[in-house]
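A.B. asks: Give the three-dimensional model of this entry:
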Amino acid sequence: MRTTAFRATVVALTAAALAVPVAHADPTAVAEVGAHGWDTYRQLDRLPTLTPPGGQTRQFSSFGRDGSNDHDGFSGRYSCLRTDAQGCVIAEDAGAGEIASMWFTQGTAGRPTGDMTAVGKIRIELDGRTVVDRSLQSLVSGGQGAPFVHPLVTTADQSSGGVQVKVPMPYRTSMKITVERNPNFYHVDYRHFPTADGVVAFNPADRADDVLATLRASGTRDPKPAAAGATTASRTVSLAPGARTTLAQPTGPGAISALRLRGDLSALRLRITFDGKTTVDSPAREFFGAGLGTARTLGSLMFASDPAGWSSSWWPMPYRTGATVELVNTGTAAVSGIGTEVTSAPDARWTTALGPGGDAGYFTTQSKVGATTPGQDWAMVSAAGRGKLVGVTQNVRGATVGRGYLEGDERVHVDSSPSPQWHGTGTEDFYEGGWYFDRGEFGNPFNGNTRHLVARDGCATECDSVYRLMLADSIGYGSALDFGIEHGPQNDVPAEYSTTAYLYARPETATRRTDVLDAGDPASRSAHSWTETGGAQAALESRFEGDEDEVVVRDDVRSSTGQTSFRLAVASTNTGVLLRRLGDQTRAGQRADVLVDGVSVGTWAQPLGNDISRWLDDTYALPSSATAGKSSIAVTLRPVGGAWTAAKYAADSLVPPFLDTAAPSVPTGLAFSGTRAHSLRLNWQPASDDVAVDTYRVLGSTSASGPFTVVGTTASTSFAHKVLRANQNWYYKVVAVDAAGNAGTPSAVATARTAHPLSSDVDGDSRDDIVTFTRGTAADVFAAKSDGSRFVGDAVKWHDRFAIDGEIPVTGDFDGDGRYDVATFTRGAAADVFVSLSDGTKFAQDGWKWHDYFAADAEVPLVGDFDGDGRDDIATFTRGDNADVFVSLSTGRGFAQAGWKWHDHFAVGTERPAVGDVDGDGRDDIVTFTGGAAYVSLSDGTKFVQNAWSWHAALPGRSTLGDVDGDGRDDVVSFVDETVSVALSTGSSFGASTRWHDHFAVGEELPGVGDFDGDGRDDVVTFTRGTTADVYVATSNGSRFVGDGVRWHDGFAVGQEVPRPSLF
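C.D. replies: Numbers count the residues shown, from 1 in each chain. Prediction:
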């Protein structure tokens, strides 16, 4: 989303402009919910005041509930929370709150991107009143009139591809936003208040001309009210390499109101210390929003660059006793002639506000720089204590051609919740533009794409500099904040990121976890005086949305259609309680009336729903009027309109701020689940903490006596240790850590042994064997077992009626017992799938149908453990123009799903698909070979994630997959012109193709891959078939295949039989 440079003319506030009489809130009065409505912008000097306890900033958006990029809004699948007579409901809230920011974009055919005409009307209802009811395109074009005029609304031309509504709209009882037709991409950022006390509802008659004038002057002057007694310290400084200099040292109480620098800032860092603690340490250019150099479009409300070369910042920065502002030269050359100005003013209020128990935070930045990590969000903010996020700047230097890094979504976790409070739809969407900022560079009061470079000015490929201010939509936290953003659609686009986040923060926490109720545990229910009508219980294995949406979590869930009551302990010093619920959101729109000690306190309404990542951690704020002075409360929930679900409840008491020094308890119940190939999956019971467990550190060692080192961290109670070599014993401990950094005692040790992924080990001895299917009318199945140096057994029949006629037979461990079984696909119109399980000496069952419609017609069926549970599943590739991929998971007694599409465009035309664990996470992925290039899509356990992710541009011959170097990732093995080449997997690409054998798989021989000697490295096999029916093997030594003409069997797979493993 784009626009021209914002440099609006400041509009004088005439008497005519203020003709409508409007009552403004008293600026000295502070509502229980804090500044809201127009006061947020009229009182920017109060920005350091933290979010009052219990307040939350939430988001509704069109993000793909299945974790995909395709469904972030492109299809509109998840763009409506629900539909009603008025249209598509995109946001709603019960209770008090405030709409802070709305953003939309669309790519309707025949219209410019970001033209929202096709959506029709938008209807905004607050407290039962309709305050907006007009065309969305008209609204963002200013058709409603003030205050809905630029820059509080923007078109796609003004915000480079996206449209915005930034008018703050408070409400006391309810909010609902409906659009006439599906909007595709959108987000609504809103605040939810624990009480309506002090909330002044939105008045559409208030034109807010004073606020508009301030915003239109963005980038030209300080937007805050003038401070009495302000003085400016001016200097011109020069710095030798490594030197530092002090620019100003104002004494307190007071606040810095402006900071300005002029000159070459590229090698300088800005450091600011308040009351003895340094909270700002940032690259100077990035601090002022110009990380890629001075930009002509940089004119935000709180920082700017001007034509005279000055970079200005107007963040209010309070202190009690004093502040020190320094510049540091981090470069190798001297810097001279830097102009500096620091403006400060005395202000007695900060003595109390920043004192013990005060309600203000210190201005703080978190600046980070480095290369992105495949599969992991870029962590913009990781903060403990109490505070609020008010803005970010981000600079990206792409490592590959294009702006694919902009596909990444933001995910914000507050107070250690496993569910993201914000989940966006793309990077340029978070910065409220669109379509890769397709109108070019721009700058608005709240957002901008100030520089876009392509192979110039120090940018090797493609680079972007962006910013977003979050003032009305600041994100408050009481104990922890984690703000991450993807780099690319699935964290799969490499780049160098540099970010600076702006916060107001203090180290104390303001919540204390005083009780936890495990709804699935009878003893816990009894201890909490649980009563229930219409209740049932079931186990749920599913995932949370967000950056760990591949991690499976298991718990028991209660589902109640009638009243549920229970008692929770709370702190007697509380000023309210956050009631947290872990529930199953497979049914959207769950609602329950809430009573505390028999008194109604409102309705807990959760419009969200997700039938894929079903776990949801959500919160209902109980007002202090219902909880203050009590040491326990009786909570009653009365479901409205359907079942209410819960696995756990927790009471987080809002208490006077305190330093958290207590460590979490010891995690218990460590156990392993799923596959042992390439990966070990560890699970445990949650630890407890007086605030909340934020992270678990997983310590591992290959020796029982250690040393133990950190092999990974997770926010959940499950962890996969990935990319492991076979035949290793691993020992693990788990440590619970809270947001303050307090680490608990390590758990007891759990141990497991890794395995190599096999393909045809019929007797379970960890060596692949060979199996051949005669098919036709005989339909016999023969096996020869490996002893590590040859295949033993001539004409050993393991089944006498399996895979008849032209069926497609395969091998796989379908019941997870470690012995490989056989399956056959009839294809055609019948599309049946039959399985016979190995008992170590034969395939035991006759005609056991595991699926009655899978791999129809001429589809290509393949086998792999796609969910990592240790049982092989089946996939089918339609190829052709449709290029769909369907999966059915094994239950150990059948293949469960019918028509479960895991990808909708993979293996196009006549491309040749293959299956293997190319990233080493223990779940098989899919690869397609075009005859040259290789494309990959990784499994997350519920789908194949990526689209057209190129891992190699030129692979010769017939290719398959196997872990030939034993590093825990499957590689590409290519057979071409009687040679064998290998391209090793790095986890995000296949490396250069190198020759591993000079003479193998001659003529029409049928080659394959398997670990025949059991050393944890895949070898190669070739079947001559025909009348000779020889079988040759070359074993891997980790860098080549050894052995030329080593015959392992002299009479196997005769004529046109189908041997496995092979490329048949």
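A.B. asks: so where's the protein shaky on pLDDT?
C.D. replies: For the chain, the stretches with pLDDT under 70 are 1-31, 296-297.
A.B. asks: per-domain residue ranges of it.
C.D. replies: As recorded under automatic domain parsing, the domains making up the chain are 39-216, 231-418+431-507, 510-658, 668-753, 770-1060.
A.B. asks: roughly how far is the third one from the heart of the chain?
C.D. replies: The gap between the average C-alpha position of domain 510-658 and the chain average comes to 24 Å, counting by Cα atoms, centre = their mean, to the nearest Å.
A.B. asks: Between the two ends of that domain, how far is it?
C.D. replies: Start-to-end span of domain 510-658 (Cα to Cα, to the nearest Å) is 7 Å.
A.B. asks: One more: stretch 753-766?
C.D. replies: Stretch 753-766 has an end-to-end distance of 13 Å (Cα to Cα).
A.B. asks: Name the residues of it that come out as buried.
C.D. replies: 754-763, 765-766 (16 or more other Cβ atoms under 10 Å). The C-beta positions use only the backbone N, C-alpha and C, and glycine is treated the same way.
A.B. asks: Could I get those in JSON lines, plus columns for distance to residue 994 and secondary structure?
C.D. replies: What follows is these, written out as JSON lines (distance: Cβ to Cβ, whole Å; DSSP: H, G, I helix; E, B strand; the rest coil):
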{"residue": "754", "distance to residue 994": "26", "secondary structure": "coil"}
{"residue": "755", "distance to residue 994": "27", "secondary structure": "strand"}
{"residue": "756", "distance to residue 994": "22", "secondary structure": "coil"}
{"residue": "757", "distance to residue 994": "22", "secondary structure": "coil"}
{"residue": "758", "distance to residue 994": "25", "secondary structure": "coil"}
{"residue": "759", "distance to residue 994": "23", "secondary structure": "coil"}
{"residue": "760", "distance to residue 994": "26", "secondary structure": "coil"}
{"residue": "761", "distance to residue 994": "28", "secondary structure": "coil"}
{"residue": "762", "distance to residue 994": "32", "secondary structure": "coil"}
{"residue": "763", "distance to residue 994": "34", "secondary structure": "coil"}
{"residue": "765", "distance to residue 994": "31", "secondary structure": "coil"}
{"residue": "766", "distance to residue 994": "28", "secondary structure": "coil"}
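A.B. asks: So residue 802 is in contact with residue 845, correct?
C.D. replies: No: taking contacts as Cβ atoms under 8 Å, residue 802 lies outside contact range of residue 845: 9.2 Å.
A.B. asks: Common neighbours of these two, please.
C.D. replies: residue 836 (Cβ atoms under 8 Å, 6 or more residues apart in numbering).
A.B. asks: So for these two, which sits in the more crowded spot?
C.D. replies: residue 802 (24 against 16; other Cβ atoms under 10 Å).
A.B. asks: tell me which element that one falls in.
C.D. replies: Counting by DSSP states H and E, no helix or strand carries residue 802.
A.B. asks: tell me the contacts of it?
C.D. replies: Residues near residue 802 by Cβ under 8 Å, 6+ apart: 773, 779-781, 809, 822, 824, 834, 836, 843, 846.
A.B. asks: Which one of these is nearest to residue 1015?
C.D. replies: Using Cβ to Cβ, residue 822 is the member of the contacts of residue 802 that sits closest to residue 1015, with 25.2 Å.
A.B. asks: on that earlier part again, of the domains of the chain, give the one that comes closest to residue 222.
C.D. replies: Counting by Cβ to Cβ, residue 222 lies closest to domain 231-418+431-507 out of the domains of the chain; the figure is 4.6 Å.
A.B. asks: I'd like to know how many residues surround residue 940.
C.D. replies: Using other Cβ under 10 Å, residue 940 has 23 neighbouring residues.
A.B. asks: With adjacent residues omitted, what lies nearest to it?
C.D. replies: In this structure, residue 940 finds its nearest non-sequential neighbour in residue 550, 4.1 Å apart by Cβ to Cβ, 6 or more residues apart in numbering.
A.B. asks: And that neighbour, how close does it get to residue 349?
C.D. replies: 48 Å (Cβ to Cβ, to the nearest Å).
A.B. asks: on that earlier part again, can you get me a residue count around the residue nearest to residue 940?
C.D. replies: Residues lying near residue 550 (other Cβ under 10 Å) number 20.
A.B. asks: and what of residue 1021?
C.D. replies: Residue 1021: 30 neighbours (other Cβ under 10 Å).
A.B. asks: Is it in contact with residue 1009, as I believe?
C.D. replies: Yes: Residue 1021 is within contact range of residue 1009, at 7.3 Å (criterion: Cβ under 8 Å).
A.B. asks: I figured residue 480 hits residue 415, correct?
C.D. replies: Yes: using Cβ under 8 Å, residue 480 makes contact with residue 415 at a distance of 5.5 Å.
A.B. asks: shared neighbours, those two?
C.D. replies: With Cβ under 8 Å, 6+ apart as the test, residue 480 and residue 415 both reach residue 692.
A.B. asks: hey, where'd the helices end up in this structure?
C.D. replies: Per DSSP state H, the chain carries helices over the ranges 39-42, 136-140, 209-216, 284-287, 349-353, 427-430, 522-527, 624-627.
A.B. asks: tell me what the third one is packed against?
C.D. replies: Counting contacts by 3 or more Cβ pairs under 8 Å, 6 or more residues apart in numbering; DSSP states H and E, the secondary-structure elements packed against helix 209-216 are helix 39-42.
A.B. asks: ok, now the fifth one?
C.D. replies: Helix 349-353 makes packing contacts with strand 317-319 when contacts are defined by 3+ Cβ pairs under 8 Å, 6+ apart.
A.B. asks: Give me the buried subset of the contacts of residue 802.
C.D. replies: For the contacts of residue 802, a neighbour count by 16+ other Cβ under 10 Å gives the buried set as 773, 779-781, 809, 822, 824, 834, 836, 843.
A.B. asks: biggest separation within those, which pair?
C.D. replies: Taking Cβ to Cβ as the measure, the buried ones among the contacts of residue 802 span a maximum distance of 15.0 Å, between 780 and 834.
A.B. asks: From residue 584, how far off is residue 463?
C.D. replies: For residue 463 relative to residue 584 (Cβ to Cβ), the value is 43 Å.
A.B. asks: rewinding a little: wait, what's in contact with the residue nearest to residue 940?
C.D. replies: 67, 543, 921, 940-941.
A.B. asks: again, but for residue 735
C.D. replies: By Cβ under 8 Å, 6+ apart, the contact set of residue 735 is 667, 696-697, 699, 743-747.
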